[in-house]
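*Asks:* show me how the following folds:
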Amino acid sequence: MGYTTSNIHGTWWDTSTGKESLKSLVRSWFDSTDRENLVEWKSLCKDIKTKDDYEREARLAGLGAMQEITEGQNLPLEEAKFGGTKDFTQVAYGNAFRITDRMKRFSKIGIMEKLTKSLKRTMAEGKDIEIAKMFNNMTATTYASGFDGYALAYDSHTCLDDAGTTYDNYLDADLATGSYESALQYFDGIYDDQGNIFVGKAKKLVVNKSLRVMSYQLTGADKKPFEQSNTKYDLNSYYGFDVVPFVYHRFSGSTAWMVIGDVSDPDYGPRVYTALEPDLDTKDGDDRTRDTVVTSIQYFKYGFTDPRLVFVGIT
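*Replies:* Below you'll find the model as predicted:
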């Protein structure tokens with residue numbers, strides 16, 4: 001791998017900055033990137049560790065409904081239904097920096113330590129930013145598709161039953177009392193792959209930061225939301241469902257919201273397979289400059305299998 005002076009950290013930043021870093025004349029250095037990492041994907045996805053280059057998940061539907069039989073009739077024989085596979089092949093991501101011997105030796109601001117910390121942050125947040133592409137493109141298959149080949153949010157996901165049952169987990173409506181109620185009703189009647197109803201458990205109301213207050217009014221207020229003249233009888237019909245608001249700061253749509261089930265539920269679809277967490281490797285440059293190169297790499301793959309426990313209001 002070759003390096004040029006344009007990506008080397010040396011004393012030539014500009015006519016003053018590089019020189020300033022070599023003296024103790026500056027009281028403090030302001031670095032807005034030196035902060036707590038913003039990592040939120042683990043609240044929305046299963047976190048699965050792997051040692052393999054790829055993982056394969058398969059779709060299976062158990063037996064269907066019982067049947068009435070007459071005296072002497074043979075019991076019906078039924079087979080399980082298979083619905084395809086989904087592969088998660090590891091993808092490598094990396095970043096690095098190179099610093100001159102002079103800068104490393106004489107800098108008074110600990111530039112080597114600062115850049116190493118910055119590299120760790122950009123790798124951690126980079127994973128979060130990459131996974132956010134799936135949630136910011138939920139009506140497209142650009143970044144992820146499920147067992148049925150459709151996007152995460154779709155109005156006619158398919159089941160495996162002989163009747164060809166479908167289900168709709170995309171409302172395409174702004175967050176309001178009526179649309180939130182639709183989300184709760186959805187979780188009360190989800191179809192499984194045999195076309196039977198089962199009850200899901202809504203756990204999080206995930207919203208863009210612009211909907212923070214509204215999400216708390218819907219889920220956490222005991223009085224009727226958005227009313228100025230509440231009495232003791234004006235109760236919030238949506239209070240007590242144990243749904244907690246979650247502000248997803250990487251939602252790009254200002255009105256984006258969704259309701260999701262429990263991430264630990266075996267049926268929950270969005271997931272991230274990680275083979276390698278970000279590492280750090282420090283070594284001398286591959287030349288005679290005595291520069292130092294610090295590299296970091298990680299392997300992971302995100303996506304989803306089954307979208308049933310994700311109800312998308314709007315993207």
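
*Asks:* where's the host helix or strand of residue 217 relative to the chain centroid, distance-wise?
*Replies:* Secondary-structure assignment from DSSP states H and E places residue 217 in helix 212-220. Between the mean C-alpha location of helix 212-220 and the chain-wide mean there is a distance of 22 Å, by C-alpha atoms, centre = their mean, to the nearest Å.

*Asks:* now do stretch 141-158
*Replies:* 16 Å.

*Asks:* how about stretch 73-81?
*Replies:* So, by C-alpha atoms, centre = their mean, the centroid of stretch 73-81 is 41 Å from its chain's centroid.

*Asks:* for that stretch, buried residues please.
*Replies:* By 16 or more other C-beta atoms under 10 Å, the buried positions in stretch 73-81 come out as residue 81. For glycine as for every other residue, the C-beta is placed from the backbone atoms N, C-alpha and C.

*Asks:* related to what we said a few turns ago, give the rounded mean pLDDT of the helix holding residue 217.
*Replies:* Averaging pLDDT along helix 212-220 yields 87.

*Asks:* pull out the buried positions in that helix.
*Replies:* For helix 212-220, a neighbour-count test (16+ other C-beta under 10 Å) marks 214, 215, 216, 217, 218, 219 as buried.

*Asks:* redo these as a markdown table? Include distance to residue 98.
*Replies:* Formatted as a markdown table, the buried residues of helix 212-220 follow (distance: C-beta to C-beta, whole Å):
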| residue | distance to residue 98 |
| --- | --- |
| 214 | 48 |
| 215 | 45 |
| 216 | 47 |
| 217 | 51 |
| 218 | 51 |
| 219 | 49 |
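
*Asks:* returning to that earlier point: which helices and strands does the helix holding residue 217 pack with?
*Replies:* strand 204-207, strand 244-247 (3 or more C-beta pairs under 8 Å, 6 or more residues apart in numbering; DSSP states H and E).

*Asks:* ok, and for the helix ranked longest in the chain, which residues are buried?
*Replies:* Counting by DSSP state H, the longest helix found in the chain is helix 111-135. Buried residues in helix 111-135, counted by 16+ other C-beta under 10 Å: 111-112, 114-116, 119, 121-128, 130-132, 134-135.

*Asks:* burial count for the nearest residue in space to residue 119 that is not next to it in sequence?
*Replies:* Closest residue to residue 119 apart from its sequence neighbours, by C-beta to C-beta, 6 or more residues apart in numbering: residue 296 at 5.3 Å. For residue 296, the count of nearby residues is 20 (other C-beta atoms under 10 Å).

*Asks:* cool, and residue 85?
*Replies:* Counted with other C-beta under 10 Å, residue 85 comes out at 11.

*Asks:* thought it was touching residue 60?
*Replies:* No: contact criterion C-beta atoms under 8 Å: residue 85 and residue 60 do not qualify, at 10.3 Å.

*Asks:* anything in contact with each of the two?
*Replies:* Residues touching both residue 85 and residue 60 (C-beta atoms under 8 Å, 6 or more residues apart in numbering): there are none.

*Asks:* nearest to residue 72 among the buried residues of helix 212-220?
*Replies:* Nearest to residue 72 among the buried residues of helix 212-220 is residue 219, at 56.8 Å by C-beta to C-beta.

*Asks:* can you tell me how far that closest one is from residue 212?
*Replies:* Distance of residue 219 to residue 212, computed by C-beta to C-beta, to the nearest Å: 11 Å.

*Asks:* tell me, what's touching the two both at once?
*Replies:* Common neighbours of residue 219 and residue 212, counting by C-beta under 8 Å, 6+ apart, are residue 245.

*Asks:* for the stretch 51-200 of the chain, which spans come out with low pLDDT?
*Replies:* 108 (pLDDT under 70).

*Asks:* wait, a helix at the residue nearest to residue 119?
*Replies:* No: counting by DSSP: H, G, I helix; E, B strand; the rest coil, residue 296 is not part of a helix but strand.

*Asks:* what's the closest non-adjacent residue to residue 154?
*Replies:* Nearest one to residue 154, counting by C-beta to C-beta, 6+ apart, is residue 170 at 5.8 Å.

*Asks:* hmm, the one you found is touching residue 140, no?
*Replies:* No: applying C-beta under 8 Å as the test, residue 170 and residue 140 come out as separate, 11.8 Å apart.

*Asks:* of those two, give the one with the bigger neighbour count.
*Replies:* Higher neighbour count among residue 170 and residue 140: residue 170, with 22 against 14, using other C-beta under 10 Å.
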